[in-house]
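>>> what would the 3D arrangement of this be:
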Amino acid sequence: MLLITPNCYARLSSYVATVKLMDLPLHIVSVLLLSVPFSVVACGNSLFGLLTHSAARRLGEISYGIFLFHGLVLYLVFRVFLAHGAASRLALWQYWLLVLLLTPIVVILAQFAHTLIEQPASKRVGSVTEAIRKSFPSL
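Coordinates of the predicted model:
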């Protein structure tokens with residue numbers, strides 16, 4: 001059941017205002033394709049439990065690492081490892097197959113970065129903040 005709360009109305013109205021204020025020629029189909037999923041998730045729906053599944057939650061935790069590493073991995077593969085111009089000669093299915101095969105590498109790199117960098121840094125935020133406050137009491 002689609003539940004629409006006051007908070008949901010606020011989110012939806014801010015989205016509508018953003019779309020209206022953008023000075024871009026938006027085709028109605030693209031607006032609908034973006035609006036429907038956004039509205040469903042913004043209203044707190046879990047898409048039949050898909051968004052609350054442990055795998056989806058884990059991907060959410062490492063999403064910043066995925067964001068950081070996907071461009072680097074794609075650049076290295078398409079510009080460095082493939083022969084010059086080879087990427088432009090790939091058929092569409094070959095390109096997407098290569099991207100699909102690179103996805104686990106990006107997720108593994110993001111997991112390592114999350115475990116080795118993000119989590120330890122997050123654990124130290126409190127002590128670093130306290131040290132800064134002691135060093136600069138006027139802050």
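
>>> C-alpha only now, for contacts and for neighbours.
OK.

>>> please enumerate the strands of the chain.
With DSSP state E as the criterion, the chain has no strands.

>>> do you know the pLDDT at the residue minimising distance to the centre of it?
With distances taken as CA atoms, centre = their mean, the residue of the chain nearest its centroid is Ser63 (5.1 Å). At Ser63, the predicted lDDT confidence score is 94.

>>> so the protein: which segments form each domain?
Domains of the chain are assigned by automatic domain parsing as 6-42, 54-132.

>>> out of these, deepest packed?
Using mean count of other CA atoms under 10 Å, the stretch among the domains of the chain with the greatest mean number of neighbours is domain 54-132 (a mean of 14).

>>> first-to-last residue distance for it?
Terminal residues of domain 54-132 are spaced 36 Å apart (CA to CA, to the nearest Å).

>>> re the thing from before, need the domains of the chain in JSON lines with distance to Phe48, can you?
Supplementary listing: the domains of the chain in JSON lines, determined by distance: least, CA to CA, whole Å:
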{"stretch": "domain 6-42", "distance to Phe48": "11"}
{"stretch": "domain 54-132", "distance to Phe48": "13"}
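
>>> select from these the stretch with the lowest mean pLDDT.
Of all the domains of the chain, domain 6-42 has the smallest average pLDDT, which comes to a mean of 69.

>>> ok, Cys43 - how many residues close by?
19 (other CA atoms under 10 Å).

>>> distance of it from Ala56?
18 Å.

>>> quick check, Leu50 in contact with Ala56.
Yes. Counting by CA atoms under 8 Å, Ala56 is a contact partner of Leu50 at 7.0 Å.

>>> show me where this structure has helices.
6-21, 28-42, 54-61, 63-75, 92-113, 119-135 (DSSP state H).
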